[in-house]
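Student: Prediction below, plus the sequence it came from.
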2 protein chains.
Amino acid sequence: MRVALIGYGSVARAFVRLLDEQKKRFPFRIAGAHTLRHGTAYGPELAFGPAAANVAEFLDKAQAEVLVELSSLAPETGEPALTHIREAFARGLHVVTANKGPLAHAFAALRAEAAARGVEFRYESTVMDGSPVYNMVRNCLPGVRVLGFSGALNSTTKIILRAMGNGRTFADGVAEAQSMGIAETDPSYDVDGWDSAVKAAALANVLMDANVRPQEVEREGIRAISAEDVRAAGDAGEQIVLTSRAETLPGGGIRMRVRPERLPIGDPLATVQGTSNLLLLHTDLMGTLGTISIEPRVEQTAYGLLSDLVDITRTL
Amino acid sequence: MRVALIGYGSVARAFVRLLDEQKKRFPFRIAGAHTLRHGTAYGPELAFGPAAANVAEFLDKAQAEVLVELSSLAPETGEPALTHIREAFARGLHVVTANKGPLAHAFAALRAEAAARGVEFRYESTVMDGSPVYNMVRNCLPGVRVLGFSGALNSTTKIILRAMGNGRTFADGVAEAQSMGIAETDPSYDVDGWDSAVKAAALANVLMDANVRPQEVEREGIRAISAEDVRAAGDAGEQIVLTSRAETLPGGGIRMRVRPERLPIGDPLATVQGTSNLLLLHTDLMGTLGTISIEPRVEQTAYGLLSDLVDITRTL
């Protein structure tokens, strides 16, 4: 199967390395890559030359069967990933993406477009860095209805809150997260809960047919949390965690909230530190179960993309 | 697909209820049930009459396509489940079991026998009460090698150790676990680490091709733990947990251990209390990831059997 890439950052490079290491076991071949920064490359050597005029031209020339979409995300809109995915569907390509924006902003429409074109759409690496969540529900929980979820899914806020618990400042925590390559220069997206809201919307749209957008998630970030608050929680055997929660209401709607919560230190959501993640699914037939991922790195995100490609080949 | 049952305890009854509730979505039909206590029944009504002379006669008469094996387990040998599974394979039946013994004692042989007969073998409910572990690795982690695992998988010892941490005695904890229907009259199987060793051997045999038996797992139970030990750990911000661990040694062998460990209260393995479970898999391509299950009940074990049946139908 021939794979076209859009984007060539750290995840894409790890993915290309992984495909090369695994080429005997998994017959995926790079057909080309299109980027804003490096230009466009055709063929497995990824020799970048002048940029294609647009994504349509790249896809037409690359002659791939699947697009792996890894462009940089504008989380307020899901663009440009959303448009790239639609260009691929329109050409009969399957799509794998690590961009959560398209799921958070337009999942129901994308699912319908993929079905109309008879192509597959996968997105395991959008949340929890490639650990099985979407594919676990799809492949291992047949007939199960997800009624809600609770997750501790944002790394930057975990690092900031831990720093404050250790006697350092909010700014120290931001600097630590930035030095780890996790937080942006402007940490607002994480600190104000946007990242958690986009992940929550993506999860709810895929797992619960919620049809929500991130702007509709009740959202409270951690700016108002002081070091004193963090220490007071610690003295009470608790920890402050920025959680993403969804619940099906008795009337049938879905309530979605991102907010800092004081949880007992022994609570599963309080145990995941730094880049580790935990997501609990509340279900009808399987009670509460979840996935935990300990300090995943870019190689795990890359593996999630490979697992999606394999999952697509199983449906063909 | 016609399903024969061996055993008719609480899991089997929950499974029959689940099949009935889900009959529109999943076309599995009960062909009969064979038990030591109730006799044998043929047909979906489960009207028990005189017992078949033996399992062979039951399977021959029931005319099923899959056996769901739920007999009581002798954990030292895996029998009688092991023999039942082989009788089914010999007749060309697929098998789903909730008995971990056969995996712990003879997995490699059973896998080979199933392959030779061209039938499928599934066992999701043997560990973690139906939460995706085996099927997650099978269906969601293609190409991933499991290098080791660490789990907190025994409920009785969690309840005993928590009781001792709360100022009660070992005997109080045993009584509590018994009143919850979790511990046997003789709690030695749990307390001495046999249950954890059987689960570890089952996991290692399936996920790591370990070819070990429970007797080969280094094993230390919790009898030597005093209430004083538990409180001292708590005063140090730690908790005593009976863990099951496997690791691939540099030389290529596998070291397997069951023992009480003092873990920080924030350690994921220390967060699961009572009947909750956590299993972390240490892998090559996906780093460390795992499954968590919060207070599963018999309905979840029953669902694991259904998920195995669906998984079998997908291979056909």
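Tutor: Great, that's in hand. Just so it is clear, the model here is predicted, and its values are computed rather than measured.
Student: use CA for all of it now, contacts and neighbours both
Tutor: Noted.
Student: interface residues of the stretch 51-200 of chain A facing chain B?
Tutor: Residues of the stretch 51-200 of chain A found near chain B (Cα under 8 Å from any Cα of the partner chain) are A:130-132, A:135-136, A:139-143.
Student: Considering these, which is situated nearest to residue A:183?
Tutor: residue A:130 (19.1 Å; Cα to Cα).
Student: Can you get me a residue count around the spatially closest residue to the closest one that is not a sequence neighbour?
Tutor: Nearest residue to residue A:130, sequence neighbours excluded (Cα to Cα, 6 or more residues apart in numbering or on different chains): residue A:304, at 3.9 Å. Neighbourhood size, residue A:304 [other Cα atoms under 10 Å in any protein chain shown]: 32.
Student: likewise the one 3 residues further on?
Tutor: With neighbours defined by other Cα under 10 Å, the count for residue A:307 comes to 27.
Student: that older thread, who touches the residue nearest to residue A:130 in this structure?
Tutor: A:124-125, A:129-132 (Cα atoms under 8 Å, 6 or more residues apart in numbering or on different chains).
Student: Could you list the low-pLDDT ranges of the stretch 201-316 of chain A?
Tutor: Across the stretch 201-316 of chain A, nothing is flagged by pLDDT under 70.
Student: need the residues of it near chain B, please.
Tutor: Listed as neighbours of chain B in the stretch 201-316 of chain A under the rule Cα under 8 Å from any Cα: A:265-268, A:270-272, A:280, A:285-296, A:299-300, A:303, A:307, A:310-311.
Student: So which of the residues you listed sit within strands?
Tutor: In this view, those that belong to strands under DSSP state E are A:280, A:288-294.
Student: Compare those and tell me which has the most neighbours.
Tutor: Result: residue A:292 is most packed of those (other Cα under 10 Å), 28 neighbours.
Student: and the closest residue to residue A:10 other than its chain neighbours, how many neighbours?
Tutor: Spatially, and ignoring its direct neighbours in sequence, residue A:10 is nearest to residue A:298 (7.1 Å; Cα to Cα, 6+ apart). As a burial measure, residue A:298 scores 16 neighbours (other Cα under 10 Å).
Student: Assign a three-state SS to residue A:52, would you?
Tutor: Secondary structure, DSSP: H, G, I helix; E, B strand; the rest coil: residue A:52 is coil.
Student: number of nearby residues for it?
Tutor: Neighbourhood size, residue A:52 [other Cα under 10 Å]: 17.
Student: just the one 5 residues further on next, same as before
Tutor: Each residue near residue A:57 was counted by other Cα under 10 Å, and the total is 11.
Student: so which strand or helix has it?
Tutor: Taking DSSP states H and E as the definition, residue A:57 sits inside helix A:55-62.
Student: Quick check: buried residues in that helix?
Tutor: A:55, A:58-59, A:62 (16 or more other Cα atoms under 10 Å in any protein chain shown).
Student: Now, the residues of the stretch 51-200 of chain A next to chain B that are in helices?
Tutor: Per DSSP state H, helices hold the following members of those: A:135-136, A:139-140.
Student: So which of the residues you listed wins on neighbours?
Tutor: Highest neighbour count within these: residue A:140, with 28 neighbours (other Cα under 10 Å).
Student: Report pLDDT for that residue.
Tutor: We have a pLDDT of 98 for residue A:140.
Student: ditto for residue A:164
Tutor: pLDDT, read off for residue A:164, is 96.
Student: From what I see, it and residue A:174 are in contact.
Tutor: No: contact criterion Cα atoms under 8 Å: residue A:164 and residue A:174 do not qualify, at 10.4 Å.
Student: neighbour-wise, which of those two wins?
Tutor: The neighbour comparison of residue A:164 against residue A:174 (other Cα under 10 Å) goes to residue A:174, with 25 against 21.
Student: Which secondary structure elements does the helix or strand where the more buried one lies sit against?
Tutor: Per DSSP H and E, residue A:174 falls inside helix A:170-179. Contacts defined by 3 or more Cα pairs under 8 Å, 6 or more residues apart in numbering or on different chains; DSSP states H and E place helix A:170-179 against helix A:155-165.
Student: quick revisit: output whichever helix or strand comes after the helix holding residue A:174 as CSV, nothing but the C-alphas.
Tutor: Later in the chain than helix A:170-179, the nearest helix or strand by DSSP H and E is helix A:188-191. Provided in CSV are the C-alpha atoms of helix A:188-191 (Å, rounded to 0.1, in the frame of the first residue of the first chain):
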residue,chain,number,x,y,z
SER,A,188,-2.4,29.3,26.8
TYR,A,189,-3.7,26.5,24.7
ASP,A,190,-2.8,23.9,27.4
VAL,A,191,-3.2,26.1,30.5
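Student: quick one: the residue nearest to residue A:10 from residue A:290, how far?
Tutor: Residue A:298 is 21 Å from residue A:290, where distance means Cα to Cα, to the nearest Å.
Student: domain parsing for chain A?
Tutor: Domain assignment for chain A, taken from automatic domain parsing, gives A:2-130+A:298-315, A:146-293.
Student: closest to residue B:95 out of those?
Tutor: domain A:146-293 (21.5 Å).
Student: So what's the gap between that closest one and the chain middle?
Tutor: With Cα atoms, centre = their mean, to the nearest Å as the basis, domain A:146-293 stands 14 Å off its chain's centre.
Student: Quick one: end-to-end length of it, please.
Tutor: Domain A:146-293 has an end-to-end distance of 20 Å (criterion: Cα to Cα).
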